[in-house]
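1. A predicted structure for the sequence below; I have some questions about it.
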Amino acid sequence: MRRLLPSEKQKEKQKLRVLIDILSLFPRYFIGPFNESIIKRAQEKGLVTIRLINIRDFADNRHHRVDDRPYGGGPGMVMMPQPVKAALRDVKGSQSHVIYLTPQGRTLTAEKSRQLSRETHLVLLCGHYEGIDQRILDREVDEEISIGDYVLTNGCLAAIVLVDSVIRFVPGVLGHPLAAEEDSFEKGLLDCPHYTHPEVFEGERVPPILLSGNHQEIAKWRQERALKKTKDIRPDL
Ligand code: 4H6
């Protein structure tokens, strides 16, 4: 095969595909969010492939049960290891990175999302009921991630949030190549306010500096406003 021209190499690099498998009990949860806007276009462009897998399909018992009562007693049910293991075995390959979405995980950050965008195969495991039997987690999961310090009824919404934030870092997904880097958090600051037409809305003017055409002054104003917002709302940043 002939060598690629530099411009073609660039294109090859751009076609860095990410395969995302999502294992849950509610695959239909994802249909809405993944079939709109940027995530939809990313799939159409072939930059990401998302597959939805129903863990229940892998239950080997007659009633396709996936949950059972917890050893030691207590409220709620626990996801049985067998169906989860079988579903994982079906999708896992040598390049797979398995993530369990759980309130007990390390909190998701922009930096983590960027790192995950460089993986070739992400497997997202969504917990239901009180969670999954610990023996599966110990053996099969590479990383536990939480999207924040609050509890959700199941892990599906957390998986949607993770997919969205990871996909933004996949080259070619956002229109402008540096858009993801220029966004809030990359500079450790919250975003500045934004304004569009009309110049006066219900008596309130757009800050005049934004109409001045002085790009240096505008950049300075935005920086100041971002800094003030960050100090007020998120001094921890
Ligand atoms: C694993 C273990 C993720 C998954 C327990 C998932 C919040 C996040 C879940 C549970 C999640 C997050 C089941 C415990 C419902 C509470 C699913 N909640 N839960 N912050 N829930 O990323 O009861």
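-> Received it, and whenever you're ready, just let me know what you need.
2. nearest spatial neighbour of whatever residue of the chain ends up closest to the ligand, skipping sequence neighbours?
-> Using CB to the nearest ligand atom, the single residue of the chain nearest to the ligand is G127, 2.7 Å away. Quick note: C-beta positions are derived from backbone N, CA and C, even for glycine. Nearest non-adjacent residue to G127, counting by CB to CB, 6 or more residues apart in numbering: G155, 4.5 Å away.
3. Can you give me the neighbour number for I55?
-> Number of residues near I55 (other CB atoms under 10 Å) recorded here: 25.
4. same thing with the one 5 residues further on?
-> Look at D60: counted by other CB under 10 Å, it has 10 neighbours.
5. for the one 3 residues further on, same thing?
-> H63 has 6 neighbours, counted by other CB under 10 Å.
6. That one in helix, strand or coil?
-> Judged by DSSP: H, G, I helix; E, B strand; the rest coil, the three-state class of H63 is coil.
7. longest strand of the protein?
-> Under DSSP state E, the strand in the chain containing the largest number of residues is strand 96-107.
8. circling back: the residue nearest to G127 and I132 touch, don't they?
-> No - the pair G155 / I132 is not scored as a contact, 9.4 Å apart, by CB atoms under 8 Å.
9. What residues does the residue nearest to G127 make contact with?
-> With contact set as CB atoms under 8 Å, 6 or more residues apart in numbering, G155 has these partners: S24, Y100, L101, T102, L125, C126, G127, H128.
10. Identify each buried residue in stretch 230-237, please.
-> Under the neighbour-count criterion of 16 or more other CB atoms under 10 Å, stretch 230-237 has T230 buried.
11. same question, stretch 17-37
-> Residues of stretch 17-37 classed as buried by neighbour count (16+ other CB under 10 Å): 18-25, 27, 29-30, 33-34.
12. Please tabulate those in CSV, including the columns distance to the ligand.
-> Below are the buried residues of stretch 17-37 laid out as CSV (distance: CB to the nearest ligand atom, whole Å):
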residue, distance to the ligand
V18, 20
L19, 22
I20, 17
D21, 17
I22, 13
L23, 12
S24, 10
L25, 11
P27, 16
Y29, 12
F30, 15
P33, 16
F34, 18
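13. Quick check: of those residues, which lies closest to A110?
-> The nearest member of these to A110, counting by CB to CB, is V18 at 16.9 Å.
14. Give the burial count for the closest residue to the closest one other than its chain neighbours, as a bare number.
-> Among residues not flanking V18 along the chain, V48 sits closest, at 4.8 Å (CB to CB, 6+ apart). A count of neighbours around V48, defined by other CB under 10 Å, yields 24.
15. List the contacts of stretch 35-52.
-> Contact partners of stretch 35-52, identified using CB under 8 Å, 6+ apart, comprise 15-22, 24, 27, 30, 33-34, 91, 163-164, 167-168, 170-174.
16. Got phi/psi on the residue nearest to V18?
-> Here is the backbone geometry of V48 (degrees, to the nearest 10): phi -140, psi 150.
17. Please name the residues that touch Y29.
-> Neighbours of Y29 in contact, by CB under 8 Å, 6+ apart: C156, L157, I160.
18. Dump those to TSV, plus distance to A42, pLDDT and neighbour count.
-> Shown next, in TSV, are the contacts of Y29 (distance: CB to CB, whole Å; pLDDT from 0 to 100; neighbours: other CB atoms under 10 Å):
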residue	distance to A42	pLDDT	neighbour count
C156	19	98	24
L157	19	98	16
I160	14	98	21
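19. Among those residues, pick out the one closest to I233, please.
-> Among the contacts of Y29, L157 lies closest to I233 (CB to CB), at 23.7 Å.
20. hmm, back to that, so what's in contact with G155 and I132 at the same time?
-> Counting by CB under 8 Å, 6+ apart, the contacts common to G155 and I132 are Y100, L125.
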